[in-house]
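Student: The following comprises the amino acid sequence and a computationally predicted model.
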Amino acid sequence: MSLTPLNPPNTHSFQFDSARGRLLCREILAPRFSYEPHDYQLDSVTSILDGRDLLAITPTGSGKTGFLSMYIAVMLYFSENPSKHPVLPAASVVQNPCLLVVSPTKALEYDMETKFAALKIMFKVVAVH
């Protein structure tokens, strides 16, 4: 498995990719997820929240959908609770965040739709031919 940040971290005093940031993300995710995130999933989510791009090359079934669902769950939390964002002023928090996922197969898309629905995250599959 390879997780490679593609750009430098943010320059704010608060970093999601820190002990404090990881704890905050775990607290946000706990009510929505029935399992603890793997460390590498949390590493990815916190890195992205700090503004880094990420290229994740992992085996099938290793939790890539978890990266996506955890990231959007944290973004939705801050959208619904903008005053709780540790870096951005409430007026700067993204409202109604969305995520575009490009997948090579319809089966994977529909599987993701089911997983996101279980987390009460709206996920719409659009097939493009």
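Tutor: Yep, that arrived.

Student: contacts and neighbour counts: CA atoms only from here.
Tutor: OK.

Student: A strand includes Leu55, no?
Tutor: Yes: counting by DSSP: H, G, I helix; E, B strand; the rest coil, Leu55 is located in a strand.

Student: And it, how close does it get to Ser44?
Tutor: Going from Leu55 to Ser44 by C-alpha to C-alpha, to the nearest Å gives 9 Å.

Student: Check Leu24 too.
Tutor: In terms of C-alpha to C-alpha, Leu24 sits 15 Å off from Ser44.

Student: Looking at these two, which one has more neighbours?
Tutor: Ser44 (25 against 16; other C-alpha atoms under 10 Å).

Student: what about the more buried one, which helix or strand?
Tutor: helix 39-49 (DSSP states H and E).

Student: likewise Phe116?
Tutor: helix 106-118.

Student: Quick one: residues in contact with that helix.
Tutor: For helix 106-118, contacts defined as C-alpha atoms under 8 Å, 6 or more residues apart in numbering pick out 65, 69, 103, 122-125, 127.

Student: now do stretch 119-129
Tutor: Contact with stretch 119-129 is made by 32-33, 69, 73, 106, 109-110, 112-113, 116-117, as judged by C-alpha under 8 Å, 6+ apart.
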